[in-house]
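This is the structure alone, sequence omitted:
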């Protein structure tokens with residue numbers, strides 16, 4: 001797993017809340033820093049892919065284990 005500068009736990013939240021919280025969390029980061037997001041909503045996989053395409057941030061890594069989805073997003 002990549003290193004990260006900040007972590008956001010969105011377990012138990014459904015769309016659009018994980019994206020909205022991630023957007024707010026990324027705003028507080030500097031360019032190049034990485035946000036780790038943990039989610040339980042299966043829809044978050046496509047949501048975070050689309051989010052990164054729209055914002056220009058980089059989806060460094062994503063994975064799923066035991067019903068939890070983990071995303072590492074580098075701020076542009």
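Okay, I see it. Keep in mind that this is a model prediction, so the values were computed, not measured. Residues are numbered from 1 along each chain as shown.

Every contact and neighbour count from this point should use C-alpha atoms.
Fine.

Spit out the contact partners of the most far-flung residue of the chain relative to its centre.
Distance from the C-alpha centroid of the chain peaks at residue 66, with 17.5 Å (C-alpha atoms, centre = their mean). Contact criterion C-alpha atoms under 8 Å, 6 or more residues apart in numbering gives no residues in contact with residue 66.

and it, how far is that from residue 42?
Using C-alpha to C-alpha, to the nearest Å, we find residue 66 at a distance of 12 Å from residue 42.

go on, residue 18?
Following C-alpha to C-alpha, the distance that separates residue 18 from residue 42 is 11 Å.

pLDDT weak spots in this structure?
The chain contains residues with pLDDT under 70 at 1.

Do I have it right that residue 44 meets residue 20?
No. Applying C-alpha atoms under 8 Å as the test, residue 44 and residue 20 come out as separate, 11.4 Å apart.

could you pull out the helices for the chain?
Using DSSP state H, the helices of the chain run over 17-27, 44-55.

beta partners of the closest residue in space to residue 58 that isn't next to it in sequence?
Of all residues not flanking residue 58 in the chain, residue 74 sits nearest, at 5.0 Å (C-alpha to C-alpha, 6 or more residues apart in numbering). Note on residue 74: beta-bridge partners by DSSP bridges are residue 34, residue 58.
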